[in-house]
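Visitor: build me a structure from this.
(4 chains)
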There are 2 protein chains.
Amino acid sequence: MTGKTDTRSRILDIAEAAVLEKGFEATSIEEIVAGAEISRGGFFYHFKDKNALARAMLERYIEVENALYDDLFARARELNDDPLHSMLIGLKLLAEMLEEMPTGHPGCVIASTAYQDRLFDEGVRELNRQAILGWRKRFRGMFEDIADVYQPREEVNLDALGDMVSGVVEGGLVLQRALREHNNASEQIMLFRTYLKLLFSPN
Amino acid sequence: MTGKTDTRSRILDIAEAAVLEKGFEATSIEEIVAGAEISRGGFFYHFKDKNALARAMLERYIEVENALYDDLFARARELNDDPLHSMLIGLKLLAEMLEEMPTGHPGCVIASTAYQDRLFDEGVRELNRQAILGWRKRFRGMFEDIADVYQPREEVNLDALGDMVSGVVEGGLVLQRALREHNNASEQIMLFRTYLKLLFSPN
DNA sequence: GTGTCAACTGGACTCACGGTACAGTAGGGG
DNA sequence: CCCCTACTGTACCGTGAGTCCAGTTGACAC
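Guide: A predicted model of the protein is given here:
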């Protein structure tokens, strides 16, 4: 028929939009099939249950997120070769990006699934876990590069510091969602940026 | 013994335990009434629907949480009269407390409701919002006291810094839940503590 | 042109859960 | 004695997930 998008990814698109707007639980299969203009049978042909949908969404989301981080910090590195300064630039770019997102960042998908984890199976939980561990590794690596050049003023665990990036983003998104404000996440990232400056900048 | 209605608070106890363990959505009314040894009718006598239960739980939780913060930072102030040092002590006490909690801190209740907010009515969302604004005010006040004595090395928005306490706790709890590790939240608080030390300590 | 297969449609059904309605009742005041 | 609070118990409804399955459609294969 249309040919340009196959049904499976059309389902994922519709589902993702709905889930980001109102949460996984509040998004019914009925609604997804209506949006994708398919039958209920068609949905279950592609996804054995809602869990399989969640997994596919998470997989796709994590890929996009990682590509985004790759791109963002690569650009930051182009702008300044120093590991500390490129990190600071990257965080600023990230904060700006979050501010420009109208409905908020999809990062909430991670926190969202974390808090509804009993609704999901082990596969989904494990995906979630691996995503966060991946970010830990990514940022830890960057902090190691910084620490090779700049002696930190206080001793910190670099794994925990890597987690702090994820935590600050996730926490900021929680605040943003609960407060119905708009820039909490980017504000929190900028505060974290100041932390790094204080921690690594030579006096 | 005492208490206006024994049954009502027994429902809340059972519900809270279940919700903390597996989330609000995954906790059925059936299960609550079984645990509290009452009939379904009895449940709906006390709570008109699940929303009313959520609201009552949140109200109670926020009260307990605030009392806990009051107590914790009052003790910290007793141990050291300096605003910065008492804050640092308070955060250490908080981190220790979080570590000692086996199932994790109930703070997740806030994040949890934030991410499932379409399941709840405006009353619940507003309660959530007010709780976070309350913490902002609390911590902002403490940071103002610190800033009166110690000139911060970098200019920061004290409201945002106040939010960062909530954000770091919430974010840490998200990590902890997703990673199935145990000390992420307390670790994140300790990292935040280091931040404050760097920000306010005279060189 | 016949056969096969993937990608569906559509309908009937089960089950769990939230929620409604309401009649009845045990027990403690006034 | 009645009345009120705090329930019990049952019957019933709607919604949404998930199952089963029989049938259709179009592409490509031989």
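Visitor: so, in contact with chain B or not, the longest helix along chain A?
Guide: For chain A, the longest helix by residue count, based on DSSP state H, is helix A:50-79. No - judged by C-beta under 8 Å from any C-beta of the partner chain, helix A:50-79 stays clear of chain B, getting no closer than 11.3 Å. Backbone N, C-alpha and C define where each C-beta goes, glycine included.
Visitor: now that helix: buried residues?
Guide: A:50, A:53-58, A:61-62, A:65, A:69, A:72-73, A:76-77 (16 or more other C-beta atoms under 10 Å in any protein chain shown).
Visitor: now stretch A:77-94
Guide: Of the residues in stretch A:77-94, those buried (16+ other C-beta under 10 Å) are A:77, A:83-91, A:93-94.
Visitor: re the thing from before, can you tell me if the longest helix of chain A touches DNA strand C.
Guide: No - applying C-beta under 7 Å from any atom of the strand, one finds helix A:50-79 out of contact with DNA strand C, separated by at least 13.6 Å.
Visitor: that helix packs against which elements?
Guide: Helix A:50-79 sits against helix A:7-22, helix A:83-100, helix A:108-115, helix A:122-149, with contacts defined as 3 or more C-beta pairs under 8 Å, 6 or more residues apart in numbering or on different chains; DSSP states H and E.
Visitor: how far away is residue A:71 from chain B?
Guide: 24 Å (C-beta to the nearest C-beta, to the nearest Å).
Visitor: swap in residue A:178?
Guide: From residue A:178 to chain B the distance is 4 Å (C-beta to the nearest C-beta).
Visitor: pLDDT value on that residue, please?
Guide: The model reports residue A:178 with a pLDDT of 87.
Visitor: ok, and the closest non-adjacent residue to it?
Guide: Here the nearest residue to residue A:178 in space, its sequence neighbours aside, is residue B:114; by C-beta to C-beta, 6 or more residues apart in numbering or on different chains that works out to 4.1 Å.
Visitor: what pLDDT is listed against that neighbour?
Guide: 72.
Visitor: my read: it touches residue A:184, true?
Guide: No - counting by C-beta atoms under 8 Å, residue B:114 does not reach residue A:184; the two are 11.5 Å apart.
Visitor: low-confidence regions, chain A specifically.
Guide: In the predicted model, chain A carries pLDDT under 70 at residues A:1-5, A:102-109, A:112, A:117-118.
Visitor: mind redoing it with 50?
Guide: A:1-4 (pLDDT under 50).
Visitor: return the distance of residue A:67 relative to DNA strand D.
Guide: 29 Å (C-beta to the nearest atom of the strand, to the nearest Å).
Visitor: get me the contact residues on chain A for DNA strand C.
Guide: A:6-8, A:37-42, A:45-46.
Visitor: residue A:122 - how many residues pack around it?
Guide: 9 (other C-beta atoms under 10 Å in any protein chain shown).
Visitor: repeat for residue A:138
Guide: 17.
Visitor: against residue B:52, how distant is the closest residue to chain B within chain A?
Guide: Closest to chain B within chain A is residue A:171: 2.8 Å, counting by C-beta to the nearest C-beta. Distance from residue A:171 to residue B:52, counting by C-beta to C-beta, to the nearest Å: 28 Å.
Visitor: how about residue A:155?
Guide: 49 Å.
Visitor: could you do residue A:13 as well?
Guide: 36 Å.
Visitor: could you do residue A:59 as well?
Guide: The value you get for residue A:59 to residue B:52, if C-beta to C-beta is used, is 38 Å.
Visitor: cool, and residue A:64?
Guide: For residue A:64 relative to residue B:52 (C-beta to C-beta), the value is 39 Å.
Visitor: residue A:47 now?
Guide: 34 Å.
Visitor: before we move on, what about residue A:180?
Guide: 22 Å.
Visitor: try residue A:132
Guide: 35 Å.
Visitor: in what helix or strand does the residue in chain A positioned nearest to DNA strand C lie?
Guide: Closest to DNA strand C within chain A is residue A:42: 2.4 Å, counting by C-beta to the nearest atom of the strand. Taking DSSP states H and E as the definition, residue A:42 sits inside helix A:40-46.
Visitor: off-centre distance for that helix?
Guide: 28 Å (C-alpha atoms, centre = their mean, to the nearest Å).
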